[in-house]
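Asker: Structure for the following, please:
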Amino acid sequence: MVYIGIPKNYTQSPSSFMGTPSLTINHEATQDLDSTNAFEGPEKLLEVWFAPSAQELGSAGPAGLKAVPEEIWKDMLDLVNCQVLSIVSSEDVDAYLLSESSMFVWPHKLILKTCGTTTLLSGLPRILEIATLFGGFPRAAAPSRGISVAAAPYRVFYSRKNFLFPDRQRGPHRSWRDEVRTMDRLFLNGSAYMIGKMNGEHWYLYLTEPNTMLTPPASPKADDEEMTETKILSVPSHAVIPGAEAMDETLEVLMTDLEEENAKQFYLDHATAVAEKRYRNFETDNDDPVDVFSNNSDMDDVSSSDGSRILPAELTTEGHALGTVVSESCGLSDVYPKSKFPESRIDAYLFTPCGFSANGVIPSPDQTTGTHYFTVHVTPEPQCSYASFETNVPHSQNGQTTAGIIQQVVNIFKPGRFTVTLFEAKPELPVVEGEWDSIKEAKYFERQLLRRTSKMEHVEGYRRVDRIVHDLDGYDLVFRYYERLDWKGGAPRLGEERV
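Answerer: Residues are numbered from 1 along each chain as shown. The predicted structure follows:
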């Protein structure tokens, strides 16, 4: 007998991790989800560091943020207006698949990424409070009246692409100006940037300096008080950052105008048809359980003798089973394949009537550089089609160039146009004899940046329209915008007013 189910070795508790990432599913939250409300594909992305690395937690203890109970995070996510669907837990990071995107929790930092009309920044004060009450980070006076105490973060990054439907956003997300004002009320000396063309595709970024200071609670900034200016083109001085943060790199590929026929694979009816075909290929006398959450099942290699069995319900309804089918059939599972990353785990979900989300947890093959992640989210409806791919897997670890990963991703989703952001910590200066003057320093960083990004110039089937390089307080940021060679879709949909 063949059945589709959760294998016995999968536990229902993140604390049961025994080497391979384990899966926990929130069955209540997965009921009656409908992606038709997730009209705004471009995500809001928040990254909060409470220490430079997991080895520098100070008084927080070795678990840091990973010591925070699931229910506490779920309560915080209620403020953001999203729910937890499932959790893949590992020794280094817990990956939360959400009803609107994803959250990743390490001992020293948290990444929260949400789409639609979620109110991500509404959860930020609570995150600061949780970090000290449950994560053990040092207490500071709370900058917000809504919380009792707060932990001052080491660094904060907030970014997003320009919205398609800004008039439908809620809370602090109705405009970039409102978002900057919200961040300024929490943090001192933040910097705001707009990268890209004002009349074309662009990307917003807010970041704080290392060892961020909270805004004093006794003097919150009034609505009419001057806020942080959003810089269009600015090149701050070079800075070198120490520790694990110096190894930090994040690649985002933000894709719009997906090719319609190709996007059908992210619809429930199409995925069900694919699952049925694969399921019917099994022999009736095969008694081995079928792991629908596996990333390398052999469903296509077995022949069916009768084809008369009833398709399991999980292969006809939204959920993790069909999410895994889509992950394998579209090629996502091959971006970081099991052959190179044997302990990797993909947690995928397909929505009704369409829409797809996936988190990947990628332990280092040599067990020396910790556990990394990737996350993918797809809104395939033609009037607002969008897909995003984000990863912090070092390009040196997977044997591929950054350009190779980008090429593989755009081949999966076939966008009409897409934006790439590569956010990478600067390398440390080499030790040399004699004085190190500013001219030599500038030339050194320029060579390093060109070396890492020159191969991104060519993406097969696309032409590069825009290229911008920024130097942002310890990080190099490369922004690139591409259009398909045969693209005739007109100008980008800007959505929101200029800064």
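Asker: pLDDT weak spots in the stretch 1-150 of the chain?
Answerer: Residues of the stretch 1-150 of the chain that meet the criterion pLDDT under 70 lie in 1-39.
Asker: And the helices in it?
Answerer: 70-80, 124-133 (DSSP state H, counting those that start in this stretch).
Asker: among these, which is nearest Met103?
Answerer: Smallest distance to Met103 across the helices of the stretch 1-150 of the chain (CB to CB): 7.2 Å, for helix 70-80. No exception for glycine: its C-beta is placed from N, CA and C like everyone else's.
Asker: now for that closest one, which elements pack on it?
Answerer: Here helix 70-80 touches strand 84-89, strand 101-105, helix 124-133, going by 3 or more CB pairs under 8 Å, 6 or more residues apart in numbering; DSSP states H and E.
Asker: quick check: angle from that helix to strand 84-89?
Answerer: Per axes from the mean of the first three to the mean of the last three CA atoms, to 10 degrees, the angle that helix 70-80 makes with strand 84-89 is 140 degrees.
Asker: Identify the residues contacting helix 70-80?
Answerer: If you take CB atoms under 8 Å, 6 or more residues apart in numbering as the criterion, helix 70-80 is touched by 14, 24, 83-84, 87, 96, 98, 103, 105, 112, 114, 118-120, 122-123, 126-127, 130, 134.
Asker: before we move on, what about stretch 181-189?
Answerer: Residues contacting stretch 181-189 (CB under 8 Å, 6+ apart): 121, 124-125, 128, 143-144, 153, 156, 158, 172, 190, 192, 206, 208-209, 212-215, 220-221, 223, 227-228.
Asker: Stretch 162-175: which residues count as buried?
Answerer: 162-166, 169, 171-173, 175 (16 or more other CB atoms under 10 Å).
Asker: With stretch 385-401 instead?
Answerer: Across stretch 385-401, burial judged by 16+ other CB under 10 Å covers 385-393, 395, 397-398, 400.
Asker: Burial check on Glu260, number of neighbours?
Answerer: 12 (other CB atoms under 10 Å).
Asker: OK, contacts around it?
Answerer: By CB under 8 Å, 6+ apart, the residues touching Glu260 are 382, 385.
Asker: cool, Thr250 as well?
Answerer: Neighbour list for Thr250: 390-392, 421-424 [criterion: CB under 8 Å, 6+ apart].
Asker: circling back: any idea which of the helices of the stretch 1-150 of the chain gets closest to Ala273?
Answerer: Within the helices of the stretch 1-150 of the chain, the stretch nearest Ala273 is helix 70-80; the backing value is 33.5 Å (CB to CB).
Asker: follow-up on the earlier one: can you add pLDDT and distance to Thr256 and give the contacts of Thr250 back as TSV?
Answerer: Shown next, in TSV, are the contacts of Thr250 (pLDDT from 0 to 100; distance: CB to CB, whole Å):
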residue	pLDDT	distance to Thr256
Glu390	98	15
Thr391	97	19
Asn392	94	23
Thr421	94	14
Leu422	93	19
Phe423	88	20
Glu424	86	24
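Asker: I'd like these as a markdown table, with distance to Lys74 and secondary structure appended.
Answerer: Formatted as a markdown table, these follow (distance: CB to CB, whole Å; DSSP: H, G, I helix; E, B strand; the rest coil):
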| residue | distance to Lys74 | secondary structure |
| --- | --- | --- |
| Glu390 | 23 | strand |
| Thr391 | 25 | strand |
| Asn392 | 24 | coil |
| Thr421 | 30 | strand |
| Leu422 | 33 | strand |
| Phe423 | 29 | strand |
| Glu424 | 33 | strand |
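Asker: ok, so of those residues, who is nearest Ile468?
Answerer: Thr421 (9.8 Å).
Asker: Grab the nearest non-local neighbour of the closest one.
Answerer: Closest residue in space to Thr421, ignoring its immediate chain neighbours: Glu252 at 4.6 Å, by CB to CB, 6 or more residues apart in numbering.
Asker: okay, now the one you found: neighbour count?
Answerer: 22.
Asker: What are the neighbouring residues in contact with it?
Answerer: Neighbour list for Glu252: 45, 388-390, 419-423 [criterion: CB under 8 Å, 6+ apart].
Asker: coming back round to it: kindly reformat the contacts of Thr250 as a markdown table containing distance to Met456.
Answerer: Below are the contacts of Thr250 laid out as a markdown table (distance: CB to CB, whole Å):
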| residue | distance to Met456 |
| --- | --- |
| Glu390 | 16 |
| Thr391 | 15 |
| Asn392 | 17 |
| Thr421 | 11 |
| Leu422 | 7 |
| Phe423 | 13 |
| Glu424 | 12 |
